[in-house]
Structure formats: structure tokens, C-alpha cells
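Chemist: My questions are about this predicted structure, shown below with the sequence.
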Amino acid sequence: MKTVLQVALDLITLSRALTIADEAVKGGVDWIEVGTPLIKSEGMEAIRSFRDHFPEHTIVADLKTMDTGALETEMAAKAGADIVCILGAADDATVQDAVRSALRYGVRIMVDLIGVPDVVKRAKQLEKTGIHYLCIHCGIDEQMKGRTPMEMVKTLASETSLPLAVAGGLNSETVVDVINAGASIVIVGGAITKADDIEKATKSIKIAIQQKTSIPSMLFKKYDAAGIRDAFLQVSTSNISDAMHKQGAMIGIQQVTQGLHMVGRALTVQTIDGDWAKPVEAIDKIEKEWVLVIDVHGGTTAVWGELATWSAKRKGLAGVVVDGAVRDIEDIQKIGLPVFSRHKVPHAGEPKGYGEIGAQITCGGQIVCTGDWIIGDASGVVVVPQNIAQEIANRALDVKEQENRIRQEIQNGGSLGDILKLKKWEKKIG
């Protein structure tokens, strides 16, 4: 079969999904997937709406069925689906029942292998049941941790005769890799549905498929551990806070130098009010592009000023955060190093040498350990623990990309309340 481009519409609002699908079809998408979140949100009516709206296109119902295989396949088929997607983790009886129902109602079965521990073994078992397609699926939450479907595609392609569908963070850069590895159906979600210009984004991916070439993409990609800093440089502290479910924000810490974006790993310093010895000593110990985070317990006598800023600038620091006081504000602003503090004062203390470098501290109400990621901008400062930094960087990018798409819909004439269907999604009480 020729390589198929399938768009995954994992939205929760039918009107938005239909609009996005319209644009994707203009860009050349072949199959339209009514995503699991959309079916859960809107029910089988979502499938019916897509069947009515796109009578000439293949409609995939991503039910992720785990039980009642025949019943759910029948429901989707009668609603207008051409392909029904069930889970490979389901019992054989469920799969076989779905296949029997599919034969009766003239639809095809795709089996999603997400969450299956031994994919090759399960794929061989599933081939015997009469299913039509296998799907290698690296889920969204897995993608945020840097995982991709590539290796599994290479492994499974040589072990099955069934057409392989592949999903998992694909874009115009990576579709050629999965095609070369053996994919027949390329499933693309965010790289289409979050694009400012969906038709253009779809055309780009379609060209990449047809020409079997990689087309660079600035967005809609996931970063590995080596790319964490690059990812954080692309997002705001607000994006990161949303990705962390409102956690990580330092309270009361604000910009001294306006208009600068700070990203780096932390070297921590603990000192007492007015004692600037340890902060200055830490400049000689810190690595380039790291952030000095100084806990002064909110003290109101400066432990940081112009000369320390010059020293930090020459050393190549990414920035400085002080839960305490900073002085020489105008001079610091001219130097251009990102500096954040709780207080701005004219008076400084003297070096006494109390405190510690590199230990766990608290800054702006947040625990900070050396090596954690510190990001600052006009909205404030957030800390991201180093053990979850890769995941949060990718989730923050996803937040930004989602907002980019909503912004475009507002500019196209929509209102935020209508786009998000706020009344529909307000939590019901009682």
C-alpha cells in the first residue's frame, strides 16, 4: 500500500476538531482519526459528524477498546467509521469478537500496541486473529520523557506481514525515518493540529512523505537530555508553570534587569543578611551558563551589586537570583546580566564568610538543589527539579504550541471562551 498520512484529532471540542480537519484535508491528509479524547468528550456523534463532513475520506475511530469488542466496533461502524482502533493489551476474546463484528459491518480493525510489554510476541498472536493493521504508538506522556517509536518500528517491520501504523511525536523531520523503517501509515497529531497554518504544515509533511526527505521543523519536536536548555529557552515561565501544574514558581522574586530571559542550572548559596562573602566566592566556583541562586532568607541588606554582576558577567553566568536584597540597580541594568531579587536597596553589608555553597536551599518558597534548572523572565522565576527537567521542558513546549494554535483561532475571529467551551468544561458541583 502507498504511505498514508493520518491526522490524529486528539481534541475535546468537536467544532475545533472539524475546523482543523478541514484545513488538514486541504493540505492533503488521507485518513482522519477521531481521537480518543474527542470520542470520550462528544461520544459517537463525533464519528457521525466526521462521516457527514468528510464523506470521501477514511474515518478512523480511535476507541482504544479494551472490552466489549463486538459492541464497540458495531457502534463505531454504524456511526460511520471505516477503521476501528482497539488495544493490543485486550484479551484475545475481545480482539476476536471485534474482528467478527468488523466483518459483519464492513469495517477494518487496527490494533494499538501501546502498553504491550512484548510487542513482537503480541503482534504475532494478533496476526492470527484476522486484524487488518498494527499500530506502534509512543504515547504523549512517553514522548515527554524523550521516548520515540523508532526502534520498535524497525524491530516489528521484519516480524509481521501486516501494514504498520506509527504514532508518537512525528513531524516533517521524522516521518521519513519511520517510513524507511517500515511504516505504511504515518499518524501525525500535534505537528498538524497545533500549527498556526494547518494547511501549510500538512502540505510540508505530505511532501516529506512523498519525497522521502526530512524537512526541518522548529516546533512539534521533543528534546533529549542534551537539548533541555534549548527547549527552556523557547518557553516562558508561565508555560513551565502550566506544565508543572502551577508548581515551581518563586514567590516575591522579580526582575531587576528588564526584558531578559534567564535559563541555566543552579549553583546554590546560603548566607545571612548583608554577608556577601559566599555569593562572591561562588562566582569562582560556578560553571558557565549556570545560575547563582542565593538564599538570604529575605534579608533587606544587599549581598549583591554592580561589581559582583560584572564578575558574574565576565564568568559567563546565565543569571543570578537573590532571595534577599540587591543594590546598584541602574548599573546592573546597563551590564545586561539577568538578575532577580526580592528587595532593591542602596545599602550593603560586609563579608563575614557565614553560609555554604552547593547545599539545598529555599528561594522564593521553593526548594532548590545544585543542578536544578532555573528559568526567569518578566513574570518571575521558576525552578524545575533536575530529575524531571527533560519531561517538563517538553511539556512546556507543548503548552506553548497549544497556545499558539488558540491564539491563531482568536485572530481568525473566535473568542477565547467559545474556543475553549468554558461553560461546558466548568466543574459540576452537586
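Modeler: Now that the structure is in, tell me what you want to look at.
Chemist: Now do the contacts for the closest residue to V296 other than its chain neighbours.
Modeler: In this structure, V296 finds its nearest non-sequential neighbour in G324, 2.7 Å apart by CB to CB, 6 or more residues apart in numbering. In this view, the C-beta of every residue, glycine as well, is placed from N, C-alpha and C. Contact analysis of G324 by CB atoms under 8 Å, 6 or more residues apart in numbering lists 273, 294-304, 341-343.
Chemist: What's the ChimeraX syntax to select whichever of the residues you listed are buried?
Modeler: Selection of buried members from the contacts of G324 for ChimeraX, criterion 16 or more other CB atoms under 10 Å:
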select :294,295,296,299,301,302,303,304,341,342,343
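Chemist: Which of the contacts of G324 fall within strands?
Modeler: In strands, judged by DSSP state E, the following of the contacts of G324 are found: 294-295, 302-304, 341-343.
Chemist: Would you format those residues as CSV with distance to I207 and pLDDT included?
Modeler: Shown next, in CSV, are the ones in strands among the contacts of G324 (distance: CB to CB, whole Å; pLDDT from 0 to 100):
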residue, distance to I207, pLDDT
I294, 51, 98
D295, 53, 98
A302, 58, 98
V303, 57, 98
W304, 53, 98
S341, 50, 98
R342, 52, 98
H343, 56, 98
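Chemist: just checking, I83 touches Y133?
Modeler: Yes. Counting by CB atoms under 8 Å, I83 touches Y133, with 7.3 Å between them.
Chemist: okay, the two: which has more neighbours?
Modeler: A direct count of neighbours by other CB atoms under 10 Å for I83 and Y133 places I83 higher, at 23 against 20.
Chemist: Beta-bridge partners for that one, please?
Modeler: For I83, the beta-bridge partners are V60, R108 (DSSP bridges).
Chemist: how about it, what does it touch?
Modeler: Contacts of I83 by CB under 8 Å, 6+ apart are 31, 58-61, 107-110, 132-133.
Chemist: of the residues you listed, closest to T213?
Modeler: For the contacts of I83, the minimum distance to T213 (CB to CB) is 21.7 Å, reached by W31.
Chemist: Quick check: the residue nearest to V296 is in a strand.
Modeler: Yes. Assessed with DSSP: H, G, I helix; E, B strand; the rest coil, G324 lies in a strand.
Chemist: Quickly list what's touching both of I83 and Y133.
Modeler: 108-110.
Chemist: Save those residues as a markdown table, and put in distance to F232, neighbour count and pLDDT too.
Modeler: Formatted as a markdown table, those follow (distance: CB to CB, whole Å; neighbours: other CB atoms under 10 Å; pLDDT from 0 to 100):
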| residue | distance to F232 | neighbour count | pLDDT |
| --- | --- | --- | --- |
| R108 | 43 | 18 | 98 |
| I109 | 42 | 23 | 98 |
| M110 | 37 | 23 | 98 |
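Chemist: Let's have the residues you listed in a markdown table, adding distance to A79.
Modeler: Formatted as a markdown table, the entries for these read as follows, by distance: CB to CB, whole Å:
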| residue | distance to A79 |
| --- | --- |
| R108 | 15 |
| I109 | 16 |
| M110 | 16 |
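Chemist: which one among the residues you listed gets closest to E330?
Modeler: Among these, and counting by CB to CB, the member closest to E330 is M110, at 64.0 Å.
Chemist: got any ranges where the chain has weak pLDDT?
Modeler: 139, 146, 218, 430 (pLDDT under 70).
Chemist: again, 80 this time
Modeler: 1, 139-151, 218-220, 423, 425, 427-430 (pLDDT under 80).
Chemist: Quick check: the gap between the residue nearest to V296 and A93.
Modeler: 66 Å (CB to CB, to the nearest Å).
Chemist: got it, and L260?
Modeler: Look at L260 and A93: by CB to CB, they are 61 Å apart.
Chemist: ok, now H245?
Modeler: Counting by CB to CB - H245 and A93 are separated by 39 Å.
Chemist: Could you do L156 as well?
Modeler: For L156, the distance to A93 - CB to CB - is 24 Å.
Chemist: I20 in helix, strand or coil?
Modeler: helix.
Chemist: ok now do the residue nearest to G305 when sequence neighbours are not counted, which residues does it touch?
Modeler: Setting aside the residues directly before and after it, G305 is nearest to D328 in space (CB to CB, 6+ apart), at 4.2 Å. By CB under 8 Å, 6+ apart, the residues touching D328 are 305-306, 309.
Chemist: and which of the contacts of G324 is nearest R100?
Modeler: D295 (66.0 Å).
Chemist: measure the closest one to V339 for me?
Modeler: Distance from D295 to V339, by CB to CB: 15 Å.
Chemist: and if you look at D398?
Modeler: For D398, the distance to V339 (CB to CB) stands at 30 Å.
Chemist: more neighbours, the two?
Modeler: More crowded of D398 and V339, by other CB under 10 Å: V339, with 28 against 23.
Chemist: List phi and psi for the more buried one.
Modeler: Main-chain torsions, V339, degrees, to the nearest 10: phi -130, psi 130.
Chemist: Most neighbours among the contacts of D328, please name it.
Modeler: Most crowded among those, counting by other CB under 10 Å, is T309 at 25 neighbours.
Chemist: what's the domain layout of this structure?
Modeler: If you go by automatic domain parsing, the domain ranges for the chain are 4-222, 226-390.
Chemist: Span of the first one from start to end?
Modeler: Here the two ends of domain 4-222 are set 23 Å apart, with distance taken as CA to CA, to the nearest Å.
Chemist: Stretch 223-231 too?
Modeler: Stretch 223-231 end-to-end distance (CA to CA) = 7 Å.
Chemist: now it, how far from the chain's geometric center?
Modeler: Taking CA atoms, centre = their mean, to the nearest Å, one finds the center of stretch 223-231 at 12 Å from the center of the full chain.
Chemist: before we move on, what about stretch 245-254?
Modeler: 20 Å.
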